[in-house]
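**Student:** I would like the atomic coordinates for the input below:
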Amino acid sequence: MKIKKVLVVLGGTSREREVSLDSGKACVNALKKIGYKVSTFDPKKKPLNLINRKKVDIIFNALHGQDGEDGIAQSFFEYLRIPYTHSGVISSYNAMNKEISKKIFLKNKILTPNYFVITKKNFNKEKLKRTIFLKKIKFPIVTKPINEGSSIGVKICRSFEHLYNESNALFKQHLDLIYEPFIGGQEIQVAVLNNLPLGAIELQPKRKFYDYKAKYSKSAKTAHIMPANLNKKKYIEVLKIAKKAHQVLGCRGITRSDFKFFNNKFYLLELNTQPGMTNLSLVPEIASYKGISFENLVEKILRNASLNK
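**Tutor:** Numbers count the residues shown, from 1 in each chain. Here you go, the predicted model:
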């Protein structure tokens, strides 16, 4: 039976609100073009528990960031008993929490940069210096919030004083920070849809790394190389790693895995369960190369919606 009434949940209250609004609007237009009856719901304007389940057959989750891709919105959808797209409660939480996801990757023999986490209440100069020494992490060092997306709050630091000052600034807004060595090399991103890798794209940012502006601003002029400039063997290898990461986290629907390829090794930085669907987003670009139109991609994601995940 064809789904008639789709509710696109978009916007929200996270720092990625604008990206979510852009993604959501693009998905609304695609679904309407296909023939679905589409309405929208913005959790910033009213709480998720006010969704009228009698008027909704399925939820297309277009939220990004905290409360949208960390298991909270998914918990509401489960409570309402409305099938929804993308990953479930636990997989969303685990993927959003960089420490937990790294532990799962390492347990399953997926290479990820060495790391440590410091909480706000335990942070001081000596602890930071001592932990860097014990973990044998060399500069430059990357620090970032443990549960933000879209490269929000990511800082690359080339000296201890720089790192300490940036940490102090971040702790004014965040409770936990993760630290890891900066990995050079190629930026590779892989899309996985319904357990099948779609392809790998390479990014060549003009900025010092693929940050928020490089992701969402045309003025950043980030070069997209599709397919990624890898030999056939390595290209297949990174697709397999992304598929494995998708599976070990228990993800559903679409995900995007972010890698660095350095010294002939792939380092998985993180996995995104709610990748962007804007006109600059990577997943639609990868899908297009595979012969999947934007409308077809959105419908494939929609058709994978479910509960109890």
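
**Student:** List the buried residues for the helix or strand Glu161 falls within?
**Tutor:** Using DSSP states H and E, Glu161 maps to helix 160-170. Residues of helix 160-170 classed as buried under the neighbour-count rule (16 or more other C-beta atoms under 10 Å) are His162, Leu163, Tyr164, Glu166, Ser167, Leu170. Yep, even glycine has a C-beta here, placed from its N, CA and C like the rest.

**Student:** cool, and stretch 267-279?
**Tutor:** Tyr267, Leu268, Leu269, Glu270, Leu271, Asn272, Thr273, Gln274, Pro275, Gly276, Met277, Thr278.

**Student:** ok, and what's touching stretch 300-307?
**Tutor:** Outside stretch 300-307, the residues that touch it by C-beta atoms under 8 Å, 6 or more residues apart in numbering are 3, 6, 31, 36, 58-60, 77-78, 81-86, 193-194, 252-254, 292.

**Student:** Off-centre distance for that stretch?
**Tutor:** 18 Å (C-alpha atoms, centre = their mean, to the nearest Å).

**Student:** How about stretch 135-148?
**Tutor:** 18 Å.

**Student:** what's the model's confidence in it, averaged?
**Tutor:** For stretch 135-148, the mean per-residue pLDDT is 93.

**Student:** from now on call the first residue 41
**Tutor:** All set: I'll call the first residue 41, so the last point we hit is now stretch 175-188.

**Student:** Between the two ends of that stretch, how far is it?
**Tutor:** In stretch 175-188, first residue to last residue: 23 Å (C-alpha to C-alpha, to the nearest Å).

**Student:** Now tell me what touches it from outside.
**Tutor:** 55, 105-106, 110, 136-139, 154-157, 172, 191-200, 203, 206-207, 210, 213-214, 216-222.

**Student:** got it, and stretch 275-288?
**Tutor:** Contacts of stretch 275-288 (C-beta under 8 Å, 6+ apart): 144-145, 147-148, 150, 228, 230-232, 235-237, 239-240, 267-268, 270, 295, 297, 299, 301, 306, 308, 311.

**Student:** and the residue located most distally from the centre of the chain, what are its phi and psi?
**Tutor:** Most distant residue from the mean C-alpha position of the chain: Glu166, 32.5 Å away (C-alpha atoms, centre = their mean). Main-chain torsions, Glu166, degrees, to the nearest 10: phi -70, psi -40.

**Student:** From Phe200, how far off is it?
**Tutor:** 11 Å (C-beta to C-beta, to the nearest Å).

**Student:** Over to Glu335?
**Tutor:** 51 Å.

**Student:** Ser115 too?
**Tutor:** In terms of C-beta to C-beta, Ser115 sits 40 Å off from Phe200.

**Student:** Next: Pro87.
**Tutor:** Counting by C-beta to C-beta, the gap from Pro87 to Phe200 is 44 Å.

**Student:** which residues in this structure form helices?
**Tutor:** Counting by DSSP state H, the chain has helices at residues 57-74, 112-120, 129-136, 138-147, 165-175, 200-210, 252-256, 272-288, 322-329, 334-343.
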